[in-house]
Each structure stands twice: as C-alpha cells, then as structure tokens.
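A.B. asks: predicted model and sequence below, questions to follow.
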Amino acid sequence: MPSSPLHFVLRGLSVSQIQKCIPKQGKKSAKAVVVQSNNPAGETDASNNVSMIDNLFNSLRDLARKGHLLKAFETFSLIKLHASSANHDVILHSISSLLYSCTNIKSLPQGKQLHAHTISLGFENHLVLVPKLVTFYSSFSLLADAHIITVNSNIVNPLPWNLLISSYVNNGLHGEALSAYREMVHKGVRPDDFTYPLVLKACGEKLDLDFGREVHKSINAAYGHRWNLYVHNSLVSMYGKFGELDTAHRLFNEMPERDVVSWNGIISSYASRGMWKEAFELFEEMRLAGAEVNIITWNTIAGGCVQTRNFKGALELLSQMRRCGMDLDPVAMIIGLGACSNIGAIKLGTVIHAFVIRSCFDGFDNVRNALITMYSRCKDLRHAGILFKSIKTKKLTTWNSMLSGYTRMDRSEEASFLFREMLFSGIEPNYVTIASILPHCARVANLQRGKEFHCYILRREEFEDHLLLWNSLVQMYARSGKVLAAKRVFDSLGRRDEVTYTSLIAGYGIQGEGKTALKLFDEMIKHRIKPDQVTMVAVLSACSHSGLVTEGNALFKKMSTLYGIVPAVEHFSCIVDLFGGAGLLNKAKKVITSMPYRPTTAMWATLIGACRIHGNTEIGEWAAEKLLESLKTQVTMC
C-alpha cells in the first residue's frame, strides 16, 4: 500500500493520540461519507449504482479475506467515491473487513490509518467496528489501546468487553482481566455466557478464591441454577484449581449434562493434587458413561500411571489410544518414553522413537530430551550420544538429559568432560544439573568435587528454594559416609520431604546406626510425611545392618496396612537379609518360599552367605541348588 503523510503521522501514535489528531465530522456528515454523483438521480442510475457498490463490496471482502490489502484499499476508495448517503452500512462493513485483514496479516500502520478514518467519519464507537478494533489492537498486544477503545465506546453489548478480558487472560494478565470485569459491571454492561468462563479462569490463575466466589454469586443471581454448560465447566475447574474438591465434585454431580471438558476438569482437579485413586475412578466412570475421551483425558491418566509408578499401565493406555484410532501427540510420546525409561523397555522405546520420526515430532526439544533420557536409562549411551550430537542448538534441558545419563552409568570421565563442554558453551548450570552430578560425586568417591558444588550452591540465592538440590546434597554426603555433614545440611532445611528423610535414613543405615535411622523414620511419620517404597527399603536395610530384627519385622508387617505400600521384591530381600544375619535361617527360607515373587540370585546368595556364617549346611545346600537352577533358567532365557 502506498505510503501517505497520514501513514507516517500515525505509525507511532497510541489510540488516545490518534483520537486527538483527527477532527470529527458532524453526525450528518458521518452518514454522508462520500461525494455523491453529479448525474441526475434517476431510478435506473440509482439501481445500477447500488448493484455496482454491492459488487465492489463483495470484491473488497474477498480481497481482504485473501490478504490482498493494497487491492482491497483501492476497492475501498472506489466504494467511497460512488456510495451515497444511504450506503453508510457498506462503508462500515468495508472498514470491518479491512480491519479483519490488517489483524490477520499483522499490518499495524494500515490498521491505525483505518482507525483514524473511522474517527474522522464518527464511526469509532459503532457496535460493528469496536469489536474489530479491540481485536486488532489486542493482536499486537497493545492492550492499553484496546482497553481505551472498549471503555470509550459506551456500548452496552458485552462483546467488546469479552474480547478485552479474553486478551488479558491469553496474555497472562489475570489481574487486569479481573479489573476489566469490575469496570464492565460498574458501567452497567451485563456479563454473558462468554464473560463468566473467562473471569472464572482468571480467578483460578490469580488464586483469588474470594473474588471467584463473588462471581459465582453473580452467576446464581443472573441464571439461578440453570447455568450454561461452559459456565458450569468453568466453575468446576476454578474450584478444582483452588483445591476445593468437595465443592468442585458437588457442582460436577449437579450438572444436567456433561461433555469431555466437564470430565477432564474434575479428573484434572484430583490429578493436580496427586489424588490419583480418585482420578482413576472418575476415568473408569467416564468410560462407563460412554463419554467421549479425548487426548487430554488419555494423557492425564497415562501421566498419572507414570506418577504412581504403574509404568506398564501407562504403556497399556497408550496402546488403547492407538486401538481407539487416537493420534498420539508429543505429550503422549513423552509419557510413553518416560515409562520405557523406568522399566528399561528399550525395544518399545525404539518403536516410539520411530513413531516420533513418522509424526515429525523429533524437532520438539522436550521430545528429543525424553528420547535421550530413555536411551541413557536403558544403558544405550551410544544412541543417546548420537541424538545429543545431532542437535545443533542445545538447550540446558538437553545438556541435563545427557549429563544425567552419564552420571547414572558412572561414566565419570564423560560426565566431567560434558559438564566442562557445557560451561565452555556459555550454558549456565541450573539446579537440575547440579542435582544430577552430586550423586555421581558420591558414587565415584569424589567428595572434594561434591564440596565444591556445595559452595557453588550456597553462592547462588536462586537455588535456595529448590528442595531437589538440597536432597541431592544430603544424599551425596550420606553415601560418601559423611553422615554428620549430611545431618548438618538436613538440619538447615526449612522444608523436607520423603526424599530428604530417606537419604539420611539410608546414610545412617550404611553406618550401622539403625536406631538413629528408626528415630528419623518416626520423626518423618510424626510430621505426616508419607513414606514411599524407597523409604521402606532404606529403613528395613538399616534394621538389617544393625540386627534390629523385632523392629524390622514389625515395620515390614505394617507396610501395607499402615502405610498403604505393597511389599516389592526389594523389601522381601531386606527381610531375608535381616533374618539371615540374625541366624533365623528357617524364617528367611519361609520368606523366600512364600513371597509372591521369583527369588533373585542376590537373595539366594544372601541366604547362602548367612548359612555359611551360622553353619547351617542343610539350608545352605538347598539354597545353592536353587541358585544354580535360577542361573540355568537365566541362561536358557538368554
């Protein structure tokens, strides 16, 4: 579009400046927006003129839709030239189409010219144009300008306000969205079914429960209890966001109709609080009700399976998704790769990798990082390294994934080299980087390097609130045999979780200080921190190393009843070691023969060692035969 003096004047002006610069024509001249023809006004000429203007308008609309802005503006000039005072609607809708095009092709200067033209015509507050102007300025994140237009329009229709509030929400300006809603109500504009979901979302994101309840009361006053489905869904989601799950579930149960958004809202509410049992039950209820299950639902539940360490369940859900004809998205791929990483399912992981390539998702950073993690955790560092080297511009998360792979496999030289290479590349390590290196320092007995990282952490204030990092420090000192140093770090923490306690319990257990470990476990329970499977392995192992048979056996029996933890093979192994070390070899044998798992070679070796120490050749020979059978079975399977 050719530049004009007006174009250069308006390019850098705000809405308020434009309004001051443009002189308005009178109301009468606003309608008589164009020069009329000098020809005598005969009926035939008038009819032909109307037909021509209609054709020009259709042409302009088509050009604007296709983004041919220059030709659209030229057509607009012809419309203005030939339109009569009765055709001001054509002018309005022409400007509307042009604004739509300016928004789509991101043409700010031309859009501002149009805005100036609407002011000169007196149309700037017209219901047809105000929403288009709000959308136009919002698309350039000029929300202050969009706000001025909305407020000055004095339109009682809620559409411009809805567009403004939506723009604030989409830009993460939730406080401004709520302020706009208050201003809207103050000006006497009545919110509608589109306003309330936006405002409720803003309340949830702003964590303003009190105002959310006020909006809820306003909805009741406006509609009674016959709410629109979208409004109902938004209320469920908002209360779920605040953790008001009883209220959210009650509202969900009161819904006369539900869609997939309703189900996803209530399931996500429980999932976000880690209440996976309830989330899984709702998912089953949803399927039994015959409700549509979309990719968000599947991913939430599959992700929940990974969170609860039901990795095979997660992979089965992904398989069901494929059988249902659902296309896996990058989130589903990451969940699948995460499950494969945790159970060492490299064959299935490579299948997912192939699917990633076919779906063109291999360009996503988080997908590539998940692939690197999967290969490294499955002990295939060669493929992990190939993927890592193929990435030209590596982000910190990519470096962390590869570094974690090396440290997990105790590849100290490669890990150190990669860490130095990362620093030379100008990448600053974050708390995840340090947390992955610290356990490695303990495993390779490089305590000096661990202390250096400890000093580095203390110098960085931004690391103060990252519990993962401090847990790694406790673990590093505990595994290195420096339990007092681990305890000092532990005592300095204002917040602790099950990982913090487990690391220190394991450290005391290794040093044979079982009673101290048990005191820590009791303190953990007293602070209502729920132990997990790893915690129970640590505390049972501590009892075993200190010969605390009564205490260890009692804890083992309470695992499932008191703490809701189903004993795994690792827990049975600890009990075999506990009984074997105390000379209770018949009890150790009974544990092995009655447990619901196939005994491991390590378990047989533990029992054989105990029999040798306590001179029980009968059980020792029996265990040796079983060990040989186990080894033969393994060779046959290979």
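C.D. replies: Looks like it arrived, so ask away. Here the structure is a predicted model, which is why all the values come from computation and not from measurement.

A.B. asks: tell me the helix or strand right after the helix or strand containing D522.
C.D. replies: Element membership for D522, per DSSP states H and E: helix 514-526. Using DSSP H and E, the next helix or strand after helix 514-526 towards the C-terminus is helix 533-546.

A.B. asks: quick check: mean pLDDT of that following helix?
C.D. replies: Across helix 533-546, the average pLDDT comes to 96.

A.B. asks: who's in contact with it?
C.D. replies: Identification of contacts with helix 533-546 by C-beta atoms under 8 Å, 6 or more residues apart in numbering yields 309, 498, 501-502, 505-506, 508-510, 512-515, 517-518, 521, 524, 531, 548-549, 551-552, 555-556, 559, 563, 565, 567-568, 570-571, 574-575, 577-578, 581. C-betas here are computed from N, CA, C, even on glycine.

A.B. asks: so which of those residues are in helices?
C.D. replies: Mapping the contacts of helix 533-546 onto helices (DSSP state H) picks out 498, 501-502, 505-506, 508-510, 514-515, 517-518, 521, 524, 549, 551-552, 555-556, 559, 563, 570-571, 574-575, 577-578, 581.

A.B. asks: mark which of those residues are buried, thanks.
C.D. replies: 498, 501-502, 505-506, 508-510, 514, 517-518, 521, 524, 549, 551-552, 555-556, 559, 570-571, 574-575, 577-578, 581 (16 or more other C-beta atoms under 10 Å).

A.B. asks: now the residue positioned nearest the centre of the chain: how far from G303?
C.D. replies: With distances taken as C-alpha atoms, centre = their mean, the residue of the chain nearest its centroid is V331 (9.4 Å). Separation of V331 from G303 (C-beta to C-beta, to the nearest Å) stands at 8 Å.

A.B. asks: one more: N471?
C.D. replies: 23 Å.

A.B. asks: more neighbours: which of these two?
C.D. replies: Under the criterion of other C-beta atoms under 10 Å, the comparison of N471 against G303 puts N471 first, with 25 against 21.

A.B. asks: would you map the helices across the stretch 301-450 of the chain?
C.D. replies: Ranges of helices in the stretch 301-450 of the chain, per DSSP state H, counting those that start in this stretch, are 311-323, 330-343, 346-358, 365-377, 381-390, 396-408, 412-424, 431-443, 447-459.

A.B. asks: can you put those in a markdown table and add mean pLDDT?
C.D. replies: Putting these into a markdown table (pLDDT from 0 to 100) gives the following:
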| stretch | mean pLDDT |
| --- | --- |
| helix 311-323 | 92 |
| helix 330-343 | 95 |
| helix 346-358 | 94 |
| helix 365-377 | 93 |
| helix 381-390 | 93 |
| helix 396-408 | 90 |
| helix 412-424 | 87 |
| helix 431-443 | 81 |
| helix 447-459 | 85 |
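
A.B. asks: tell me the SS of R496?
C.D. replies: Secondary structure for R496, judged by DSSP: H, G, I helix; E, B strand; the rest coil, is coil.

A.B. asks: burial measure for P596, as a count.
C.D. replies: The number of residues packed near P596 is 8, by other C-beta under 10 Å.

A.B. asks: how close does it sit to V569?
C.D. replies: Where V569 is concerned, P596 sits at a distance of 9 Å (C-beta to C-beta).

A.B. asks: same check, this time on L288
C.D. replies: Note on L288: its distance to V569, by C-beta to C-beta, is 34 Å.

A.B. asks: same question, E452
C.D. replies: 38 Å.

A.B. asks: can you list the helices of the stretch 301-450 of the chain in CSV and add distance to S120?
C.D. replies: Shown next, in CSV, are these (distance: least, C-beta to C-beta, whole Å):
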stretch, distance to S120
helix 311-323, 57
helix 330-343, 49
helix 346-358, 56
helix 365-377, 49
helix 381-390, 58
helix 396-408, 53
helix 412-424, 59
helix 431-443, 58
helix 447-459, 61
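
A.B. asks: closest one to V134 among those?
C.D. replies: helix 330-343 (32.9 Å; C-beta to C-beta).

A.B. asks: and the closest one, C-alpha only, in PDB?
C.D. replies: What follows is helix 330-343 as a C-alpha-only set of coordinates in PDB (Å, rounded to 0.1, in the frame of the first residue of the first chain):
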ATOM      1  CA  PRO A 330       4.100 -35.100  21.700                       C
ATOM      2  CA  VAL A 331       2.800 -35.200  25.400                       C
ATOM      3  CA  ALA A 332       1.700 -38.900  24.900                       C
ATOM      4  CA  MET A 333       5.100 -39.700  23.300                       C
ATOM      5  CA  ILE A 334       6.900 -38.200  26.300                       C
ATOM      6  CA  ILE A 335       4.800 -40.200  28.700                       C
ATOM      7  CA  GLY A 336       5.500 -43.400  26.800                       C
ATOM      8  CA  LEU A 337       9.200 -42.700  26.700                       C
ATOM      9  CA  GLY A 338       9.200 -41.900  30.400                       C
ATOM     10  CA  ALA A 339       7.500 -45.200  31.100                       C
ATOM     11  CA  CYS A 340      10.000 -47.100  29.000                       C
ATOM     12  CA  SER A 341      12.900 -45.300  30.700                       C
ATOM     13  CA  ASN A 342      11.800 -46.500  34.100                       C
ATOM     14  CA  ILE A 343      11.300 -50.200  33.200                       C
END
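
A.B. asks: so what secondary structure elements neighbour it?
C.D. replies: helix 295-307, helix 311-323, helix 346-358, helix 365-377 (3 or more C-beta pairs under 8 Å, 6 or more residues apart in numbering; DSSP states H and E).

A.B. asks: phi, psi for N294 please.
C.D. replies: Here is the backbone geometry of N294 (degrees, to the nearest 10): phi -100, psi -180.

A.B. asks: show me what contacts it?
C.D. replies: N294 touches 260, 264, counting by C-beta under 8 Å, 6+ apart.

A.B. asks: how close does it sit to S436?
C.D. replies: Distance from N294 to S436, by C-beta to C-beta: 35 Å.

A.B. asks: and for the spatially closest residue to C611 that is not a sequence neighbour, the neighbour number?
C.D. replies: Distance criterion C-beta to C-beta, 6 or more residues apart in numbering; nearest residue to C611, sequence neighbours excluded, is G620 at 3.2 Å. G620: 19 surrounding residues under other C-beta under 10 Å.

A.B. asks: show me what contacts G620?
C.D. replies: Applying C-beta under 8 Å, 6+ apart, we find G620 in contact with 607-608, 611-612.

A.B. asks: state the pair within those residues that is farthest apart.
C.D. replies: Spanning the widest gap among the contacts of G620 are L607 and R612, at 9.9 Å by C-beta to C-beta.

A.B. asks: the more surrounded of these two?
C.D. replies: L607 (28 against 11).

A.B. asks: correct me if wrong: the more buried one contacts E625.
C.D. replies: No. With contact defined as C-beta atoms under 8 Å, L607 and E625 do not form a contacting pair (11.7 Å).

A.B. asks: low-scoring stretches of the stretch 101-250 of the chain, by residue?
C.D. replies: Scanning the stretch 101-250 of the chain for pLDDT under 70 picks out the ranges 225.

A.B. asks: domain parsing for the protein?
C.D. replies: According to automatic domain parsing, the chain comprises the domains 1-36+44-150, 569-638.

A.B. asks: and L484, how many neighbours does it have?
C.D. replies: 9.

A.B. asks: now do R250
C.D. replies: 12.

A.B. asks: how about the secondary structure of H126?
C.D. replies: Counting by three-state DSSP, the backbone at H126 sits in coil.
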